[in-house]
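predicted model, plus sequence, below.
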Amino acid sequence: MDILANKVMVFTILYVIGIAAESITGTISAGRKNMDVFGVITIATITALGGGTVRDVLLGYYPLTWVAHPEYIIVTFIASVVAMLIVQHVVRLHKLFLIVDALGLVTFAYIGSDIGYQIAIHSAYSQNFQLIGTIIIAMIMAIITGISGGVLRDILCNDVPLVFQAELYAIVAAIVGILHTLTMYYHIDNLLTALIIVIIGFTLRLLAIFKNWHLPKIKYFT
């Protein structure tokens, strides 16, 4: 029972951090487009809750997370209002946006990979390939949960989605998903490993931002 309670606590903390962070990025994006207060809060909410909503809809999980826990909407609202009051005084706004977005990315990727793992362990066809299949499913869920909110944010703000043109992004979510899957598969998942994985993912994303690490880009000449 203590293990279960500990896991619930970890996921609650990570989820609150994730939705608050993504709410702030939505607020920044909408503010840069000169939206009114309603527009800013709407974009912030969609950004914060979009990833989990897309995942739940794809998996047929109902009620949706924010329907079952409407208090999360309050968290996004508060984070958005605080961001509106603060970010207008920040000089290097784009860097703040990327850093906060990195935090949201890795926390949601961690949560998504756990859900993917729970699905995978009941659907692996062969014992010999169980770990491989589990990693693939958990990794995909990590990516979907991690990037979907940001994709919705960027589309609604008429921007090219960050995941398609930024430094290492979806790859970071995938790495977080793989690491978390391995800790669960070998029964070493706990508060410490969760913290380590989130730090690794966050650090990797920051390095990608400041070192300009990209996947190879495709260019056509006409």
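Here it is on my side, so go on.

how about low-confidence regions in the protein?
The model of the chain has pLDDT under 70 over residues 1-6, 91, 124-129, 221-222.

cutoff 50 now
Scanning the chain for pLDDT under 50 picks out 1.

ranges for the helices of it?
Ranges of helices within the chain are 2-32, 37-59, 65-68, 71-86, 93-120, 130-156, 162-165, 170-185, 191-211, based on DSSP state H.

out of those helices, nearest to Ile218?
Nearest of those to Ile218, taken as C-beta to C-beta: helix 162-165 at 11.4 Å. C-beta coordinates here come from the backbone N, C-alpha and C atoms, glycine included.

contact partners of the closest one?
101, 147, 150-151, 154, 169-170 (C-beta atoms under 8 Å, 6 or more residues apart in numbering).

if we go to 6 Å?
Helix 162-165 has contacts (C-beta atoms under 6 Å, 6 or more residues apart in numbering) with 147, 150, 154, 169-170.

make CSV from the residues you listed and add distance to Asp36 and neighbour count to it.
Formatted as CSV, the contacts of helix 162-165 follow (distance: C-beta to C-beta, whole Å; neighbours: other C-beta atoms under 10 Å):
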residue, distance to Asp36, neighbour count
Ile147, 27, 25
Gly150, 22, 25
Asp154, 19, 21
Tyr169, 29, 25
Ala170, 32, 20
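
quick one, phi/psi of Pro63?
Backbone torsions for Pro63, taken as degrees, to the nearest 10, come to phi -70, psi 160.

sorry, that was for His214
Main-chain dihedrals, His214, degrees, to the nearest 10: phi -130, psi 160.

now do the one 4 residues further on
For Ile218, the backbone dihedrals are phi -100, psi 130 (criterion: degrees, to the nearest 10).

now for it, how many residues are close by?
5 (other C-beta atoms under 10 Å).

ok, Leu195 next?
When neighbours are counted by other C-beta under 10 Å, Leu195 registers 13.

from Ile28, how far off is it?
26 Å (C-beta to C-beta, to the nearest Å).

could I get the contacting residues of Phe108?
18, 51, 145-146.

same thing but at 8 Å, please
Applying C-beta under 8 Å, 6+ apart, the residues near Phe108 are 18, 22, 51-52, 145-146, 149, 173.

I'd like those as CSV, with distance to Ile137 and neighbour count appended.
CSV is the format used below for the contacts of Phe108 (distance: C-beta to C-beta, whole Å; neighbours: other C-beta under 10 Å):
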residue, distance to Ile137, neighbour count
Gly18, 21, 30
Glu22, 23, 31
Gly51, 17, 31
Gly52, 17, 25
Thr145, 12, 30
Gly146, 15, 32
Gly149, 20, 29
Ala173, 14, 30
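
cool, thanks, signing off.
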